[in-house]
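> I need the structure of the sequence given here:
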Amino acid sequence: MRKYRAKRVDNNEWVEGWYCTWQGIEYIFDSPWNLYHKGRYEIRPETIAQDTGKLDKNDKPIFGGKGGDIVEYDVTVPIWDDDKEIVIEHRPETRRDLITYEAPKFVFRWYPEKCIIIGNAIDNPELLEDK
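Residues are numbered from 1 along each chain as shown. Presented below is the predicted three-dimensional model:
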């Protein structure tokens, strides 16, 4: 089971854990078995991202979704393929990509071991602008 991350409603800080909607409110729990105790954080749904199961070249987990990570490649052009598990909004002019699970513009094979996380779509939207 992959973890999620999102910003908390109460203090706007990132929290990682397991996602759940309970009584119409979205939460992240610090344990998958901890639905009624401490470690339950109400989250801002527009910031949620899920662990892709991939690591960048610094072995940091890459998250995708509305609050997905922005990665920068140390290669110029990825090789196109049909890896449909993870969707990437590709920006070849900046060599930066936003990791999402939204409908793809393009689907291509990416190499997480050749990229580094430089920010995320919530805290660093300026990283997605053209250089």
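> Residue ranges of each domain in the chain, please.
Listed by automatic domain parsing, the domain ranges of the chain are 4-47, 49-124.
> worst average pLDDT in these?
Mean pLDDT per stretch puts domain 49-124 lowest among the domains of the chain, at a mean of 69.
> what's the span of that one, first residue to last?
Counting by C-alpha to C-alpha, to the nearest Å, you get 15 Å between the two ends of domain 49-124.
> Just confirm residue 49 contacts residue 3, I think it does.
No: if you go by C-beta atoms under 8 Å, residue 49 and residue 3 don't touch, sitting 9.7 Å apart. (Each C-beta comes from the backbone N, C-alpha and C, glycine too.)
> between these two, which one's more packed in?
With neighbours defined as other C-beta atoms under 10 Å, residue 49 and residue 3 compare such that residue 49 has more, 26 against 16.
> distance of that one from residue 23?
Using C-beta to C-beta, to the nearest Å, we find residue 49 at a distance of 23 Å from residue 23.
> before we move on, what about residue 113?
Relative to residue 23, residue 113 is positioned 41 Å away (C-beta to C-beta).
> So for these two, which sits in the more crowded spot?
Higher neighbour count among residue 113 and residue 23: residue 113, with 11 against 5, using other C-beta under 10 Å.
> In three-state terms, how would the more buried one be classified?
helix (DSSP: H, G, I helix; E, B strand; the rest coil).
> tally of neighbours for the closest residue to it other than its chain neighbours?
Here the nearest residue to residue 113 in space, its sequence neighbours aside, is residue 57; by C-beta to C-beta, 6 or more residues apart in numbering that works out to 5.3 Å. For residue 57, the count of nearby residues is 15 (other C-beta under 10 Å).
> Ok, residue 10 next?
For residue 10, the neighbour count with other C-beta under 10 Å is 9.
> quick check: longest strand of the chain.
Longest strand of the chain, by residue count under DSSP state E: strand 14-22.
> Direction included, what does that strand pair against?
For strand 14-22, the pairing partners within the sheet under DSSP bridges are strand 4-7 (antiparallel), strand 25-29 (antiparallel).
> contact partners of it?
Contacts with strand 14-22, where a contact means C-beta atoms under 8 Å, 6 or more residues apart in numbering, come from 1, 3-8, 26-32, 35, 39, 41, 43, 48, 50.
> Before I go, just wanted to say thanks for your time.
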